[in-house]
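Task: produce atomic coordinates for the following.
(chains A and B)
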2 protein chains.
Amino acid sequence: MKTPIDTLLIHGHVLTMAGDGVGYLADGALAIQGNGIQDVGPTDRMLSEYEPENTIDASGHAILPGLIDCHVHTTESLLRGVAQDIPDYMEKAMAPYSRALTSEFWLAGTRLNVLESIKAGTTTSMDFTLPYPGWAEFYAQVGVRARLTPRINELAPNAMSEAKGQPYAFDSTKGRAEFEQARTFAKRWHGAENGRITVMAGPQAPDMLSRELLIEIKDWAERDNLMIHMHVAQGDREIHQMQLRLGMRSVAFLDELGYLNDQLFAVHLTEALDDEVELLVQRGVSMGVCSGCIGLLDGIVPPAALFHSKGGHVGLGTDSASSNNCINLFNEMKLTALFNKIKARRPDVIPAWVALRMATIEGARAIGLGDSIGSLECGKQADIILVDLGALNLSPVVQAPIRNIVPNLVYAASGHEVDSVMVAGQWIMRHREILTLDESDVRRTAQEAAVGISLRVLADPQHTQLGLLDAMQKGRL
Amino acid sequence: MKTPIDTLLIHGHVLTMAGDGVGYLADGALAIQGNGIQDVGPTDRMLSEYEPENTIDASGHAILPGLIDCHVHTTESLLRGVAQDIPDYMEKAMAPYSRALTSEFWLAGTRLNVLESIKAGTTTSMDFTLPYPGWAEFYAQVGVRARLTPRINELAPNAMSEAKGQPYAFDSTKGRAEFEQARTFAKRWHGAENGRITVMAGPQAPDMLSRELLIEIKDWAERDNLMIHMHVAQGDREIHQMQLRLGMRSVAFLDELGYLNDQLFAVHLTEALDDEVELLVQRGVSMGVCSGCIGLLDGIVPPAALFHSKGGHVGLGTDSASSNNCINLFNEMKLTALFNKIKARRPDVIPAWVALRMATIEGARAIGLGDSIGSLECGKQADIILVDLGALNLSPVVQAPIRNIVPNLVYAASGHEVDSVMVAGQWIMRHREILTLDESDVRRTAQEAAVGISLRVLADPQHTQLGLLDAMQKGRL
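Alright, predicted model coming up:
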């Protein structure tokens, strides 16, 4: 008597990511029941044991856990490509665009961003933004997994541009309002959609909130068992502020506040010193690395290889289309591997399998979801992608003495080879068609919003200070 | 009375790459007659002046010169992904695969490589290999532009592995045979297919031929007006050999031989010192940079930014799918820009427009074809690609105050957005369908060949020395 199940995927090159490697299974199958994985094994055995309602032949495809984007600001996607190749990106290139990107545009940005990420195989997004109506509802509707972080920032308006070498001014009324809003949001959404949507506490960065508010947020997160998602040591600007205000660097300050434990997911660490990295790993902190973004904006390679080699969990993030231009974990796997080889001047630093683990099981652990996603194992959520290994740029496929699938997924794939995407047992994309969203509508509304933003920037007298106007005038854009 | 022409492309975002920027033309049109570009201008004027046989509406697309791959070993594509993340790649990972990749497999590799490159918008390939039957004929048939370099190498068989710290042994009979073969090949193919196929002289590297043969090759190239395509300063291994054999570094040796002039296209320059770069630029030498390959193999960023800043022409190369995993100029543009930012720790090094020029007009100049390809100008060859700017990862498109098209083409595109490819006035790909090749046949023969090669490697006792067997055993591949 066979066991009835919803779906059986058969004949795939399965990369379970279980164990401490990639968990490759030739001619593998996956049994899916409800929102979970019921079994993983050789196709022969699985066919003999299960009676599926739907059978999917995955011949010629890799079957992988869905990829995890551990850090992204989705609303920014409307600003893709307006601010590259320029030092002091925030002030010289983004400022008037950031002002013009007001809340009525945010949903159009989130939709574009999430659609792009699904098409590149991302099934979980850690979206960090000020909450707005429709934000979480959109994730609920589109069906991907979301770990949403409502931003809490206490800086006074224009605090950064007006600081002039002094500590940033705080606005505690604003800080408290954002904190209150975050608590309300977390109450409503943490664990929603059968656990598909969860929430993290999001104090934006150590230099952007007062000590008092940081302590209150930590107490709240501990009480409500929420992890903390925070930018840490994200640039020399931050370190300078911390020194100016408190006479200490970010990591030491957070240690003093009791932030450094396994509930903290620290993003960027661009400026973290080697001994700070060691301390963070010792304390159980996890790291988010946004290689594409930090490489493009700053020409810097954050210490992900060191963090990993010390035994810490590292997850990958795209950050934003305005800083990184693409929302694609295949891009992040590749750049993280390549940038760290260049930093160390060694080709064996961050090999392909490690990059793939960072995008899957290591990323899941880094954000506290290691028990439910990140690998294809019995009892985990059915977050799965199928990648077409017949794509020209992934061909040929060989098995012995050296199997070439994992290096090609990391160094040759672009994300367009992702054929199908399932989250919590539901197909979100089949044969590159998104099933839960109208793609042309997403593109159209994003285009209209972006044109609206550009018109506002043109109407903003400050736009004449844009550093890239020179490149426009010289015919370079 | 309107002028009759073959094809009019209208309503495109035209990047002519003429002048010293990107030559952007909003709502632009391109008139194509025979194999050449007859006119470029605003759609309104072009519609009023020309009577086309075919009109193509390129709304929502960028129209660009076809991309130029300045250095590639196409036969290697069958070895994609078997040799990553390992120091001493040639000896520890490639050796048994290189031995097994005998000539009967080469055409299958070239076909796979060229097909992949067309799909990513490459219209010209500088293919460097030992000539084999069917090599040039394939390029003639498929319709892309080729600048073929028949390899000349004088090393004795196993010279590298058997050198043991001594200078490599030469085999002048083999060197002369390859030289003779190259001359025969050049006579047959230089200027063939109405100039679409041309030939360069290809002494492989300064350490791989004797001084005498290098001089003869240079004399031949001068007499027959062929440029020279050569690996120079490609690694510390080469520099060590040069010191050992001649007591001088590669660049000084080539200067002594009279190689350093505008007829030399020098590839890699991985180990070139700053003053060597300055000398090369002064002498008019051009540089080929294979960022993906050298980053992945060596963790090194060659001095392309310096070469460019001194006024030298830099072209981009993919090198090989065995070293770089993908044959994609979009990938090379992005990595060249990002790697050089990281090397300099500055975001304004190699901005997007410079990377795009390296893949088009600068590359064309670097390989001596600046008068015929690399930009969309009246009288040049009609080598053109259409890129779908409606692709999610290239959306939205905005025009003012900052236009985002060029940064997005360089930092967000993956090559899959290339919709159509024309070479010398002929469509090679339309709506991603290759018109001159059977794609499934190319994939099938490549797969069969690769499996055959793997079986040979398994039968080669030396395969037990493969450095990656450990990763296989540990479940990391």
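
can you confirm residue A:28 is in a helix?
No: with the criterion set as DSSP: H, G, I helix; E, B strand; the rest coil, the secondary structure at residue A:28 is strand rather than a helix.

Look up how far residue A:46 lies from it.
Counting by Cβ to Cβ, to the nearest Å, the separation of residue A:28 from residue A:46 is 8 Å. From N, CA and C alone the C-beta is placed, and that goes for glycine too.

Look at those two and report which has more neighbours.
Taking neighbours as other Cβ atoms under 10 Å in any protein chain shown, residue A:28 and residue A:46 compare with residue A:28 leading, 24 against 21.

ok, that one - contacts?
Counting by Cβ atoms under 8 Å, 6 or more residues apart in numbering or on different chains, residue A:28 touches A:11-14, A:16, A:40-43, A:63.

Show me what it is bridged to.
Residues found in beta-bridge contact with residue A:28 (criterion: DSSP bridges) are residue A:12, residue A:42.

Show the pLDDT at it.
Reported pLDDT at residue A:28 in the predicted model: 98.

can you check residue A:162 too?
The model's pLDDT for residue A:162 equals 86.

what's the spacing between residue A:460 and residue B:279?
Distance, residue A:460 to residue B:279, by Cβ to Cβ: 49 Å.

try residue A:226
Relative to residue B:279, and taking Cβ to Cβ, residue A:226 is found at 61 Å.

Look at these two and report which has more neighbours.
When residue A:226 is set against residue B:279 and neighbours are counted by other Cβ under 10 Å, the residue ahead is residue A:226, at 22 against 18.

what sits against that one?
Residue A:226 sits in contact with A:186, A:190, A:199-201, A:220, A:263, where contact means Cβ under 8 Å, 6+ apart.

Now the residue nearest to residue A:134 when sequence neighbours are not counted: which helix or strand?
Sequence neighbours aside, residue A:107 is the residue nearest to residue A:134 in space, at 4.9 Å (criterion: Cβ to Cβ, 6 or more residues apart in numbering or on different chains). Remark: residue A:107 resides in helix A:106-119, with elements defined by DSSP states H and E.

Let me see the mean pLDDT of that helix.
98.

Beyond it, next helix or strand please.
On the C-terminal side of helix A:106-119, the nearest following helix or strand under DSSP H and E is strand A:122-129.

chain center to that next one, what's the gap?
Distance of strand A:122-129 from its chain centroid, counting by Cα atoms, centre = their mean, to the nearest Å, is 5 Å.

Can you list the strands that that strand pairs with?
Taking DSSP bridges as the criterion, strand A:122-129 forms sheet pairs with strand A:67-72 (parallel), strand A:145-152 (parallel).

Residues contacting the shortest one from elsewhere in the structure, which ones?
Right, the one you point to is strand A:67-72. Outside strand A:67-72, the residues within contact range by Cβ under 8 Å, 6+ apart are A:113, A:117, A:120-128, A:229, A:265, A:267, A:288, A:290, A:315-320, A:327, A:329-330, A:359-360, A:363-364, A:366-367, A:369, A:373-374, A:385.

Any of those residues buried? List them.
A:113, A:117, A:120-128, A:229, A:265, A:267, A:288, A:290, A:315-320, A:327, A:329-330, A:359-360, A:363-364, A:366-367, A:369, A:373-374, A:385 (16 or more other Cβ atoms under 10 Å in any protein chain shown).

from the stretch 51-200 of chain A, which residue is nearest to chain B?
residue A:81 (3.0 Å; Cβ to the nearest Cβ).

With the flanking residues excluded, which residue is spatially nearest to that residue?
Excluding the flanking residues, the one nearest residue A:81 by Cβ to Cβ, 6+ apart is residue B:404, at 3.0 Å.

Could you tell me which residues make contact with the nearest residue to residue A:418 once chain neighbours are set aside?
Beyond its immediate neighbours in the sequence, the residue positioned closest to residue A:418 (Cβ to Cβ, 6+ apart) is residue A:121, lying 4.0 Å away. When contacts are counted by Cβ under 8 Å, 6+ apart, residue A:121 is found next to A:64, A:66-67, A:329-330, A:385, A:387, A:415, A:418, A:421.

Can you tell me which of these end up in helices?
Restricting the contacts of residue A:121 to those inside helices, with DSSP state H as the criterion, leaves A:329-330.

In strands, which of the contacts of residue A:121 fall?
Secondary structure defined by DSSP state E assigns A:64, A:67, A:385, A:387, A:418, A:421 of the contacts of residue A:121 to strands.

Neighbour-wise, give me the winner out of the residues you listed.
Taking other Cβ under 10 Å to define a neighbour, the member of those with the most is residue A:67, carrying 30 neighbours.

Which pLDDT value does the model give the residue nearest to that residue when sequence neighbours are not counted?
In this structure, residue A:67 finds its nearest non-sequential neighbour in residue A:329, 3.9 Å apart by Cβ to Cβ, 6+ apart. Each residue has a pLDDT score; the one for residue A:329 is 98.

Who are the contact partners of residue A:329?
For residue A:329, counting by Cβ under 8 Å, 6+ apart, the contacting residues are A:67-69, A:117, A:120-122, A:316, A:318, A:359, A:415.

Mind picking the two most distant members of these?
Largest separation among the contacts of residue A:329 by Cβ to Cβ: A:68 and A:415, giving 14.1 Å.

who's more crowded, those two?
With other Cβ under 10 Å as the criterion, residue A:68 and residue A:415 differ in neighbour count, and residue A:68 comes out ahead with 30 against 23.

part of a strand, is residue A:266?
Yes: under three-state DSSP, residue A:266 falls within a strand.

Is it bridged to anything, and to what?
Listed by DSSP bridges, the beta-bridge partners for residue A:266 are residue A:230, residue A:287.

Burial check on it, number of neighbours?
Neighbour number of residue A:266 under other Cβ under 10 Å is 27.

again with residue A:131
Neighbours of residue A:131 under the rule other Cβ under 10 Å: 23.

Same check on residue A:441?
Residue crowding around residue A:441 was assessed by other Cβ under 10 Å; the count is 10.

C-terminal to the helix or strand hosting it, what's the next element?
Under the assignment given by DSSP H and E, the secondary-structure element containing residue A:441 is helix A:439-459. Using DSSP H and E, the helix or strand that directly follows helix A:439-459 along the chain is helix A:469-473.
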